[in-house]
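Asks: make a model of this:
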Amino acid sequence: EAADSGCFGLNVPYQIVRPELMDFAADKGLSVFIWTVNEAQEMRKYAAMGVGSITTRDVAALLLVKQQWRKESAADEL
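Replies: From the prediction side, this is the model:
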């Protein structure tokens, strides 16, 4: 329905996101945006799954996760 309605993504609670949802959304050309993730470990998990956006109440934790993610990605490129 989202793709047929012209939506560009799904905005869902993180607890319902599974690899199957990520694959299905990608097949339909949709990004997956999640809310509200406040634990760094969960942020890393869903970032690794490829979500397009994470909403949080702990912005400092998300910024740290993002910074670590960039460092790891840069190291992988070497």
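
Asks: quick one: average pLDDT of the helix of greatest length in the chain?
Replies: Identified as the longest helix of the chain according to DSSP state H is helix 59-77. The average pLDDT within helix 59-77 is 91.

Asks: which strands and helices sit next to that helix?
Replies: helix 40-49 (3 or more C-beta pairs under 8 Å, 6 or more residues apart in numbering; DSSP states H and E). Glycine gets a C-beta too; all of them are placed from N, C-alpha and C.

Asks: from residue 27, how far off is the residue nearest the centre of the chain?
Replies: By C-alpha atoms, centre = their mean, the chain has its centre lying nearest to residue 51, at 2.2 Å. Distance from residue 51 to residue 27, counting by C-beta to C-beta, to the nearest Å: 16 Å.

Asks: coming back round to it: torsion angles phi and psi at the residue nearest to the centre of the chain?
Replies: phi -60, psi 150 (degrees, to the nearest 10).

Asks: with residue 39 instead?
Replies: phi -100, psi 130.

Asks: wait, what's in contact with it?
Replies: With contact set as C-beta atoms under 8 Å, 6 or more residues apart in numbering, residue 39 has these partners: residue 61.

Asks: over to the one 5 residues further on?
Replies: Applying C-beta under 8 Å, 6+ apart, one finds that residue 44 lies in contact with 65, 68-69.

Asks: ok, back up a step: residues contacting the residue nearest to the centre of the chain?
Replies: Residue 51 touches 14, 17, 22, 31-34, counting by C-beta under 8 Å, 6+ apart.

Asks: turn the contacts of residue 44 into a markdown table, columns for neighbour count and distance to residue 39.
Replies: Output for these, formatted as a markdown table (neighbours: other C-beta atoms under 10 Å; distance: C-beta to C-beta, whole Å):
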| residue | neighbour count | distance to residue 39 |
| --- | --- | --- |
| 65 | 21 | 10 |
| 68 | 13 | 14 |
| 69 | 14 | 15 |
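
Asks: hmm, back to that, now intersect the contacts of residue 51 with the strands, please.
Replies: 31-34 (DSSP state E).

Asks: so what touches the helix or strand bottoming out on mean pLDDT in the chain?
Replies: Every helix and strand in the chain was compared by mean pLDDT, DSSP states H and E; the lowest is helix 59-77, with a mean of 91. Residues outside helix 59-77 that contact it (C-beta under 8 Å, 6+ apart): 37-40, 43-44, 47, 54, 56.
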